[in-house]
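# Based on what follows, work out the 3D shape:
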Amino acid sequence: MRLSDLASRDGVTARADHTRVEVPRGPAPARLRAAATAVDLALVGLPLAVGALVVHSLRDANGGGAVDRAVFGGFALALAAGVLVWNQGFAQGRRGASVGKAWLGLVARRSDGRALGVGRSLALFTPREVVRRATAEHEGFAEITVALTPARLRRRRVVGLGVLLVTLAVVVLASVAVGARPLSFAEIAHGLTPSGGSPTEADVIIRDLRLPRTLLGLAAGVALGLAGGLIQGHTRNPLADPGILGVSAGAACAVVLAITFLGVTSAGGYIWFALAGALATSVAVFGLSAVGSRGPSPASLVLGGAAVAAFLSSITSAVVLLDQTTLDAYRFWVVGSVAARGLDVLTPLLPFFALGIVLALANAPGLNLLSLGDDVARALGTSLALNRIIGVTAITLLAGAATAACGPIAFVGLAVPHVARAFTGPDYRWLLPCSALIGAIMLLGCDVLGRVTARPGELQVGIVLALVGAPFFIALVRRRRLVTL
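You can find the predicted model right below:
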């Protein structure tokens, strides 16, 4: 029975079949309110509890340090505060129901029956009453709807971009500070400051190991975030990621062939073969999708990429299964990692990263027109072929360079654009820069998490991202409205 089928009068509802149903009056039962409060407290307490366990595991006896504990303790507090503001402020203040109240069919409102609003909902001593949802709707409760005007949308984008920049700065510092060897705040400050004399052990760790690793993770995260936004825009597929063009499969196949037939075993040697394989595969996919009178289309790009990736994956599997030495070397590259890779890996790839970023940002206005549909974009004077060539070139350079440097890293290109789109909207002039920042935050954050999860060893960032990204992918598939991208 839908609520729209009910006609109400004096606390009594009449259904469409003319039967009468009493609507409860007054506050909700105390047991329901207590249960809702317990759920909301558990939601805030979960990150605090996990943070407390992590901080406890990083005590000095286990090889942790004060900096490690400060980083993860601060992160847990920030996450708990964010959950509290969203749940108690926005969800309850505007819709009338936090997560706990929504589960139990309750609504929090002002004494006059209106929604609380964000500020009143967060205030501890604001008068409010909690009733059943049927009672609130019967008495005319209405959620607060915020009109998304151009000025409000612009302000939300600017604020979101500022928050991402601050978060990225914090994550970069955490990546330099946290590792297998605990460092003090003084050692970190000394290691990041140019100084004369012979470097200390902490200086060597920061300058030769952690700083290059952080810079590589930063570049790879930016590249994968941008590539994910571009490929979803060009294919108009919410479940697309850079690997859909066969970038990862091409790079993996080239690395396997280089190991087997040329004896390449170092990360510095892998990058050129991986990059060449990624570029060649993307050119082949684009060439296949362009066959025909209408040229490349979103559907043909996806189909061509799937076919080429399957073919190259079969070659990779065959070679790996036939040669144990190749398998031993390949399995360390394919897991995806920024560890044990220094500036000798990043520096040769910087021109590819830089050119890819420029092309991606230049492609943003064209993507806005392509999102209107091919016919509308063509009518507005846009060259579909030129825009797709620029976009595919940028995707190839960004994803190819990131894959060559770090190995295949999943879920960043898939998840990041959806997170950015939540507050930027569909405008790619904002979506792409925000995707770049979120990609860097996500990759560096998971890398830091992997360093302390399995002390004294560490989990590779590709593994941590898979553990974090799989639940997100499941939730993404269940959101049916994303198919209208």
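# Can you give the distance of stretch 327-339 from its chain's centre?
Offset of stretch 327-339 from its chain centre (C-alpha atoms, centre = their mean, to the nearest Å): 23 Å.
# Check which residues of that stretch are buried.
A329, Y330, W333, V334, V335, G336, S337, V338, A339 (16 or more other C-beta atoms under 10 Å). All C-beta atoms are positioned from the backbone trio N, CA, C, and that covers glycine.
# Now do the third one against A186, distance only.
Meaning W333. W333 sits 37 Å away from A186, going by C-beta to C-beta, to the nearest Å.
# now do the fifth one
When C-beta to C-beta is the yardstick, V335 and A186 sit 35 Å from each other.
# re the thing from before, the buried residues of stretch 327-339 into JSON lines, with extra columns for distance to S282 and pLDDT?
Formatted as JSON lines, the buried residues of stretch 327-339 follow (distance: C-beta to C-beta, whole Å; pLDDT from 0 to 100):
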{"residue": "A329", "distance to S282": "25", "pLDDT": "78"}
{"residue": "Y330", "distance to S282": "21", "pLDDT": "83"}
{"residue": "W333", "distance to S282": "19", "pLDDT": "80"}
{"residue": "V334", "distance to S282": "19", "pLDDT": "84"}
{"residue": "V335", "distance to S282": "23", "pLDDT": "86"}
{"residue": "G336", "distance to S282": "19", "pLDDT": "87"}
{"residue": "S337", "distance to S282": "23", "pLDDT": "89"}
{"residue": "V338", "distance to S282": "23", "pLDDT": "91"}
{"residue": "A339", "distance to S282": "27", "pLDDT": "87"}
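# Neighbours of T281, how many?
27 (other C-beta atoms under 10 Å).
# ok, the most centrally placed residue in the chain - contacts?
In the chain, the C-alpha nearest the mean C-alpha coordinate belongs to V416, at 3.4 Å (C-alpha atoms, centre = their mean). By C-beta atoms under 8 Å, 6 or more residues apart in numbering, V416 lies in contact with L224, G225, G228, G229, S435, I438, G439, M442.
# Okay, now the unreliable bits of this structure?
Under the criterion pLDDT under 70, the flagged ranges of the chain are 1-21, 196, 292-296, 475-485.
# how about 50 then?
Applying pLDDT under 50 to the chain picks out residues 1-10, 12, 14-16, 480, 482-484.
# all strands for it, in order.
Ranges of strands within the chain are 7-9, 12-14, 20-22, 106-109, 129-132, based on DSSP state E.
# So which of the contacts of V416 is the closest to P365?
Set against P365, the nearest of the contacts of V416 by C-beta to C-beta is G229 (13.8 Å).
# Report the separation between the nearest residue in space to N387 that is not next to it in sequence and A401.
Leaving aside its chain neighbours, N387 sits nearest to G366 (3.8 Å; criterion: C-beta to C-beta, 6 or more residues apart in numbering). Distance check for G366 against A401: by C-beta to C-beta, it reads 22 Å.
# One more: I271?
To A401, I271 is 8 Å away according to C-beta to C-beta.
# Now do the shared contacts for those two.
With C-beta under 8 Å, 6+ apart, I271 and A401 have common neighbours L349.
# Give the residue from the two that has the larger number of neighbours.
Each of I271 and A401 has its neighbours counted (other C-beta under 10 Å); A401 has more, 32 against 25.
# So that one is in contact with F352, correct?
Yes: the pair A401 / F352 is scored as a contact, 4.1 Å apart, by C-beta atoms under 8 Å.
# ok, now which ones touch L161?
Contacts here follow C-beta under 8 Å, 6+ apart; on that basis L161 touches W430, P433, C434, L437.
# redo that, cut-off 10 Å
Listed by C-beta atoms under 10 Å, 6 or more residues apart in numbering, the contact set of L161 reads A420, F423, T424, W430, P433, C434, L437.
# which of these are buried?
A420, F423, T424, W430, P433, C434, L437.
# ok, now how distant is the spatially closest residue to the second one that is not a sequence neighbour from P433?
In space, not counting the residues next to it along the chain, F423 is nearest to G160; the distance is 4.4 Å by C-beta to C-beta, 6+ apart. G160 sits 10 Å away from P433 when distances are taken as C-beta to C-beta.
# so how far is stretch 67-74 from its chain's centroid?
With C-alpha atoms, centre = their mean, you get 22 Å for stretch 67-74.
# what's near enough to touch A340?
Going by C-beta under 10 Å, 6+ apart, A340 touches L209, R213, A267, F332.
# Swap in 7 Å and give it another go.
Applying C-beta atoms under 7 Å, 6 or more residues apart in numbering to A340 gives the contacts A267.
# for A290, phi and psi?
When read as degrees, to the nearest 10, the backbone of A290 gives phi -90, psi -10.
# G336 too?
Dihedral angles (degrees, to the nearest 10) for G336: phi 80, psi 110.
# Look up the closest residue to it, ignoring the ones flanking it.
Nearest residue to G336, sequence neighbours excluded (C-beta to C-beta, 6+ apart): G462, at 2.4 Å.
# list the contacts for that neighbour?
So G462 contacts V335, G336, S337, G407, I409, A410 (C-beta under 7 Å, 6+ apart).
# hmm, 10 Å instead?
Counting by C-beta under 10 Å, 6+ apart, G462 makes contact with 334-338, 406-412, 443, 446-447, 450.
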